[in-house]
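Asker: Sequence plus the predicted model coming up.
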Amino acid sequence: MILEIVINSRSVRLQLEKKGESWLCHLDGRVTEIDPVLIAPGVLSLLIEGHSYEVRQESATRLWIEGKPYDAEVRDPRSLKSRRGATADDGGPKKLTAPMPGKVVRYLVVEGAAVEAGQGLVVVEAMKMQNEIKSPKKGMVKKLVAAVGAAVNAGDALLIVE
Amino acid sequence: MFKKILIANRGEIAVRVIRACREMGIASVAVFSEVDRGALHVLKADEAYAIGPAAARESYLNIEKILAVAKRSGAEAIHPGYGFLSENAVFARACEAAGVKFIGPSAASMDMMGSKTKARQNMEKAGVPFVPGTSRGLESFEEAERIAVKIGYPVMLKAAAGGGGKGMRLVHRSEELRNALEAARSEAQRSFGDDEVYLEKAIVNPRHIEMQILADEHGNTVYLGERECSIQRRHQKVVEEAPSPIVDPDMRRRMGEVAVKVAKAAYYANAGTIEFLVDQEKNFYFLEMNTRLQVEHPVTELVTGLDLVQLQIRIANGETLPFSQADVQLRGHAIECRIYAEDPDNNYFPSPGRIAMLASPAGPGIREDSGVYEGWTVPIDYDPLLSKLVGYGSDRAQATAKLLRALDELFIGGIKTNIALFKRILNDADFQAGKLNTGYLDRLAEKKESPSPDHAEVAAIAAGLFSAMGRSSAGSPVKGPEISAEPQSSAWRCVARREALR
């Protein structure tokens, strides 16, 4: 199996091959034998040349090793989706979501406004602290989704930037 | 002894008190708000009763509802924990009127210590050392200006009813005084409903060292040694330790004797803490008294071998202190980290949410007082303290090493936490040399972070294996993957979702 893996925005080609109880792994021209055990959902024990690593999968795109986070995305080079996804910003609409549960205090923009990447768009309050949510890209505010004063959960859509 | 105690709190401290009750054979009664039905303290208690909506003033701060639960459950005493109603004299009086023992000092002692200016007036009479300044609220700007000139800039404006850094302003020059006074007054009014503000000489980058005392209701008062709490952000403690790296036995005795004097002047009973500011010449000045159990009490418990919560309950039960000052011996060193749900990349903004994954540390010299579990959603409504991780060793270096090792074992996934900050602090040369003061964290932030080993290749391999192994059927351990070229989410679906957004 050949996979394209993006670790902290650097892309590597990884070939995995099952060999008995362990795996042969081809990475950057090197071949290593690896003994993996999934010890719990999202927790992988790896033995690599005698070194023991405990890898935790916090989310589909985030791994932790020895207290350090890594952004990791797996692409199958044969699939259409991956090839499309490989071109970073596809220019499509981006949903801006609440990073933590809280209350929508006010919008700093109106629908139709042109915005820059990093520009503050909406203020969300949690635990009596106000936090500005910034635009992920340059574009135009397509729609304000959440109502002012509404309680939102982490991951709820606040607005859409196109 | 009480047969049943109500804990008027939530989170890790409620769990801490429930544990002490269990150890003493006392039944525990928890109270919980709507968002805390599944909270750890509810699961650990013998009984639990709902007391209303998430907003604290309608639940954990609601005296009537809490006393109604005490009556209904037959609880004979109430432990208030810290925060919420713990320093509320009205609550202490209401408990007394309802015939329920408040586990803490008398309402009169709280009144005396609750207002910083009142406390100062009383303590000056008792001969307690103070930072030069006023012991009364400022009448006017002119008065503030006159006193500031007399004691010399920089000066600090403080709210009399204050706490947590609210209503505080550091003033460097006379030109800044007028605006600072107005700002401090309005902030004090907004935060505490009281705009009384006083002024004292600012000690730049002091150490913050506090003395734990314990007093029974028969006039016996002892001190249990100090805690160094100089590592603070926005006047909130982040790391605490006992003993302080700069306090020697002589200084400890002098501070302890002042602390006992303060407690006696307030006719104080139960556990309390006297906070001191310490300047570079190791002069110490009385700052305030906290009339409750402190968040950081575990470090004192570890170095004294005492259980402060059990002792609080015994004192409230009318028992005399089971030991004297001479029996109090400090042994070893303990350091505590306050693990918070907050985002280090976003100015330590609270970051509550669901704890998707949790691995707790264990092993020699480690104590974890936690209020959470895997799968629990940290509510947005309260202080986002998750747990307190404490390392204990024969000396400071040992305690540091144990705590660092435990921080490596601790994993909290799904929400952001300040764990990485503690690793930085404990690895920092100034911390290890004991060079601490309240400006420490600002200085640390300006230092370059030393790079940690990079395991990007291991991460790449792991990502690939998660992907490969995850495609096989559920159940662990999983060794053989079912290789499939089918991506987990089809491109068609992505396009459809995108269209739906238009």
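Answerer: Cool, the structure landed. Numbers count the residues shown, from 1 in each chain, chains lettered A, B, ... in the order given.
Asker: Report the contact partners of residue B:130.
Answerer: B:120, B:123, B:124, B:200, B:285, B:286 (CB atoms under 8 Å, 6 or more residues apart in numbering or on different chains). The way it works is simple: take the backbone N, C-alpha and C, and place the C-beta from them, glycine included.
Asker: And chain B, is the helix or strand that contains residue A:64 touching that?
Answerer: If you go by DSSP states H and E, residue A:64 is part of strand A:62-65. Yes - Strand A:62-65 reaches chain B (CB under 8 Å from any CB of the partner chain) through A:63, A:64, A:65.
Asker: can I get those in a markdown table with pLDDT and neighbour count?
Answerer: Formatted as a markdown table, the residues of strand A:62-65 next to chain B follow (pLDDT from 0 to 100; neighbours: other CB atoms under 10 Å in any protein chain shown):
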| residue | pLDDT | neighbour count |
| --- | --- | --- |
| A:63 | 96 | 24 |
| A:64 | 96 | 20 |
| A:65 | 96 | 20 |
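Asker: and the nearest residue to residue B:221 once chain neighbours are set aside, how many residues sit next to it?
Answerer: Spatial nearest neighbour of residue B:221, chain neighbours left out: residue B:215 (4.0 Å); criterion: CB to CB, 6 or more residues apart in numbering or on different chains. Using other CB atoms under 10 Å in any protein chain shown, residue B:215 has 24 other residues around it.
Asker: Looks like residue B:215 contacts residue B:223 (just checking).
Answerer: No - at 9.9 Å, residue B:215 does not count as touching residue B:223 under the criterion of CB atoms under 8 Å.
Asker: looking at chain B, which helix or strand is least sure?
Answerer: Within chain B, no helix or strand scores below helix B:491-501, which has a mean of 52 by mean pLDDT, DSSP states H and E.
Asker: Actually, chain A.
Answerer: Lowest by mean pLDDT, DSSP H and E among the helices and strands of chain A is helix A:80-86, with a mean of 48.
Asker: tell me which strands and helices the following helix or strand past that one is in contact with?
Answerer: Remark: after helix A:80-86, the chain's next helix or strand is strand A:94-97, criterion DSSP H and E. Packed against strand A:94-97, as judged by 3 or more CB pairs under 8 Å, 6 or more residues apart in numbering or on different chains; DSSP states H and E, are the following elements: strand A:157-161.
Asker: buried set for the strand it packs on?
Answerer: With burial defined by 16 or more other CB atoms under 10 Å in any protein chain shown, the residues of strand A:157-161 counted as buried are A:158, A:159, A:160, A:161.
Asker: same check, this time on stretch B:365-378
Answerer: Using 16+ other CB under 10 Å as the test for burial, stretch B:365-378 gives B:365, B:366, B:367, B:368, B:369, B:370, B:371, B:372, B:376, B:377, B:378.
Asker: Please render those as a markdown table that adds secondary structure and pLDDT to the earlier fields.
Answerer: A markdown table is the format used below for the buried residues of stretch B:365-378 (DSSP: H, G, I helix; E, B strand; the rest coil; pLDDT from 0 to 100):
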| residue | secondary structure | pLDDT |
| --- | --- | --- |
| B:365 | coil | 98 |
| B:366 | strand | 98 |
| B:367 | strand | 98 |
| B:368 | strand | 98 |
| B:369 | strand | 98 |
| B:370 | strand | 98 |
| B:371 | coil | 97 |
| B:372 | coil | 98 |
| B:376 | coil | 97 |
| B:377 | strand | 96 |
| B:378 | strand | 96 |
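Asker: from those, which two are the most distant?
Answerer: Greatest spatial distance in the buried residues of stretch B:365-378: B:365 and B:377, 31.3 Å, computed using CB to CB.
Asker: need the contact list for residue B:368.
Answerer: Counting by CB under 8 Å, 6+ apart, residue B:368 touches B:360, B:361, B:387, B:388, B:389, B:390, B:406.
Asker: That one pairs with what?
Answerer: residue B:389 (DSSP bridges).
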